[in-house]
Every structure is written in structure tokens, then in C-alpha cells.
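Engineer: Mind folding the following:
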Amino acid sequence: MISPEIIHVNYIKKEAQTGSYCGMRYRLSKGKNEEGDCMDVTIWPEPFCFVKTPAEQKTTKQFPLTQEGCLEAVAWLNEQHKSRSW
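Structural biologist: A predicted model of the protein is given here:
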């Protein structure tokens, strides 16, 4: 499982944070939506990096750019990992 302790909202406000877990890669980055700043969380299958993976293999969801949003994002990441065969 991905642990919430490894996700840092202050880091994400400045740079994208990436990682992988058992065949699933993920990227958390600062984004924008109609409400203002948000966190874009993208998942895709290994082995390639974000840039080299085709868009149709990526799934993105937005969360608030807050500590609570990070907790929601981690829960979503773990749910996605369980529900797919990586």
C-alpha cells in the first residue's frame, strides 16, 4: 500500500512528485481547475515514465491541494491499485 507519509503537499506545490507501487506508476502535481489550484493525480502502468507513456494509458483525477486532499489522493491510488491488474 502507498503510505500517506510519503506524499508531501508543500513539495507538490512546487514540483511534481512521482512514485511507483507494484506495477503502477503515479504522479502528483499542481494543477488548475475552475476553483483555482488543485492536485492532479495520474496513474499508468509500468515500465515507462510519464512522458513516454501514451495518454490513453493514463488516468487522472483532481483533488484539493491540501493535506486532506493528499489523504484522499492516497486512498484513491490504493483503491486503483486494488481494482486493476497491474
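
Engineer: tell me which element the residue nearest in space to the middle of the chain falls in.
Structural biologist: Centroid check for the chain by C-alpha atoms, centre = their mean gives Val41 as the closest residue, at 3.0 Å. Using DSSP states H and E, Val41 falls within strand 36-45.

Engineer: Sheet partners, orientation included, of the following helix or strand past that strand?
Structural biologist: For strand 36-45, the succeeding helix or strand toward the C-terminus, using DSSP H and E, is strand 59-63. When pairing is defined by DSSP bridges, strand 59-63 lines up against strand 36-45 (antiparallel).

Engineer: What's the mean pLDDT across the partner strand?
Structural biologist: Regarding strand 36-45, the rounded mean pLDDT is 97.

Engineer: May I see the buried residues of it?
Structural biologist: Neighbour-count burial for strand 36-45, counted by 16 or more other C-beta atoms under 10 Å, picks out Cys38, Met39, Asp40, Val41, Thr42, Ile43, Trp44. No exception for glycine: its C-beta is placed from N, CA and C like everyone else's.

Engineer: could I get the residues you listed as a markdown table with distance to His8?
Structural biologist: Listed next are those as a markdown table, based on distance: C-beta to C-beta, whole Å:
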| residue | distance to His8 |
| --- | --- |
| Cys38 | 16 |
| Met39 | 11 |
| Asp40 | 16 |
| Val41 | 14 |
| Thr42 | 17 |
| Ile43 | 18 |
| Trp44 | 21 |
